[in-house]
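[1] Requesting a structural model of the entry that follows:
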Amino acid sequence: MTDATRVLWPDDDIILYDGVCVFCSRWIRFVAERDVAQRFRFTPIQSNYGSRLARHVGIDPDDPDSNAVIHGGKAYFKSDAALTTLSLLPGWSWVHALFAVPASLRNTVYNLIARNRYRIFGRSDACMVPDASLRERVIE
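    The predicted model follows:
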């Protein structure tokens, strides 16, 4: 899987995340709170829609090693997904400068956190239940 892959997917600005990962769920809340235009929608990899999307972009839904964002017809993974998402939020355009850091270095840090995310941040028995303001933006 490359860092950005051309995809044919009917929806855009979709963030695919591990719904039982506490850190990942906090990431979604962080993005949602700052996304005043409500550009992004979210799908847990454990949902029907999320697992279909995961398979389509090359992520194993039973053992996810990356989040992804679909933007502009491309799937971005790992640190590229996080930086792409942040750079599209109001006041966060400065994040573009972090793309100057080699992807290999950025993804080394990303992979370290991803491999240990349950141990460090915890794991839920089920996907987070979104509050009313987020519920309409979650695709299951």
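[2] Beyond the least confident helix or strand in the chain by mean pLDDT, next helix or strand please.
    Lowest on mean pLDDT, DSSP states H and E among the helices and strands of the chain sits strand 4-6, with a mean of 56. On the C-terminal side of strand 4-6, the nearest following helix or strand under DSSP states H and E is strand 14-17.
[3] Against which helices or strands is that next one packed?
    helix 22-34, strand 41-44, helix 48-57, strand 68-71 (3 or more CB pairs under 8 Å, 6 or more residues apart in numbering; DSSP states H and E). Placement of C-beta: from N, CA and C, glycine included.
[4] now the ones you listed as a markdown table including mean neighbour count and distance to Leu98?
    Listed next are the helices and strands packed on strand 14-17 as a markdown table, based on neighbours: other CB atoms under 10 Å; distance: least, CB to CB, whole Å:
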| stretch | mean neighbour count | distance to Leu98 |
| --- | --- | --- |
| helix 22-34 | 18 | 16 |
| strand 41-44 | 25 | 22 |
| helix 48-57 | 18 | 22 |
| strand 68-71 | 25 | 15 |
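[5] Quick one: closest of those to Leu134.
    Among the helices and strands packed on strand 14-17, helix 22-34 comes nearest to Leu134, with 5.3 Å by CB to CB.
[6] If you count contacts, what does that closest one end up packed against?
    Short answer (3+ CB pairs under 8 Å, 6+ apart): helix 22-34 packs on strand 14-17, strand 41-44, helix 103-121, helix 132-135.
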